[in-house]
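Participant: When you get a sec, could you give me coordinates for this:
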Amino acid sequence: MRTGPDGNGRHGRKKEPITVEEAVRMAVDQDVEQLIHLQEREELEEVYGIPIIYIPVFVPCLQRIDSFLFSLGYTLILAWAYLRSPLSFPARSDPLPSIYSNHALSIAFPVVVLVHLFLSLLHSPPILPGSVSTPRRTSGSS
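Facilitator: Here you go, the predicted model:
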């Protein structure tokens, strides 16, 4: 990564605060941002049960791909069931063939809802078992 003259990766001059109030406001904003980042990191460490630095990069990528494929699967199942029902056709006088019935939709929709509810409950804090906390090393211990 190339760094600029000011050493922070940006080229150009850093805007200097005009007043003391503005300098204090900027310092407080930076501190609040750091606290928010620390809180988000602690929440992720609590969810995974280990410090974020020890999680390989590919794990969150796989979770995103898994989530996408899971949503795509739900969508395809519900679309298949909907397209097999008479609801997907405009109202007309001649009857549809017997292959088109609401039977697939009446089964697929509740099953998808129940599976989604079950998986959502598995990832909720009341059902999800608490992570086993590992003792953190301090600089004084070996």
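Participant: where in the protein is pLDDT low?
Facilitator: For the chain, the stretches with pLDDT under 70 are 1-17, 93, 127-142.
Participant: mind listing the helices for it?
Facilitator: Under the criterion DSSP state H, helices of the chain are mapped to 20-48, 58-83, 103-122.
Participant: So for the second one, what gets flagged as buried?
Facilitator: Okay, so that is helix 58-83. If you call a residue buried by 16 or more other C-beta atoms under 10 Å, then helix 58-83 has these buried ones: I77, A81. All C-beta spots, glycine's among them, are computed from the backbone N, C-alpha and C.
Participant: and what of stretch 44-62?
Facilitator: Quick answer for stretch 44-62 (16+ other C-beta under 10 Å): E45.
Participant: same check, this time on stretch 97-113
Facilitator: Under 16+ other C-beta under 10 Å, the buried positions of stretch 97-113 are Y100, A104, L105, A108, V112.
Participant: Would you check how far apart the first one and L87 are?
Facilitator: Okay, so that is Y100. 9 Å (C-beta to C-beta, to the nearest Å).
Participant: With H37 instead?
Facilitator: 48 Å.
Participant: Over to D29?
Facilitator: On the measure of C-beta to C-beta, D29 and L87 end up 53 Å apart.
Participant: so P51 sits right up against E45, yeah?
Facilitator: Yes. Using C-beta atoms under 8 Å, P51 is in contact with E45, at 5.5 Å.
Participant: what about the most centrally placed residue in the chain, distance to P126?
Facilitator: Closest to where the C-alpha atoms of the chain average out (C-alpha atoms, centre = their mean) is R64, at 7.4 Å. As judged by C-beta to C-beta, R64 and P126 stand 25 Å apart.
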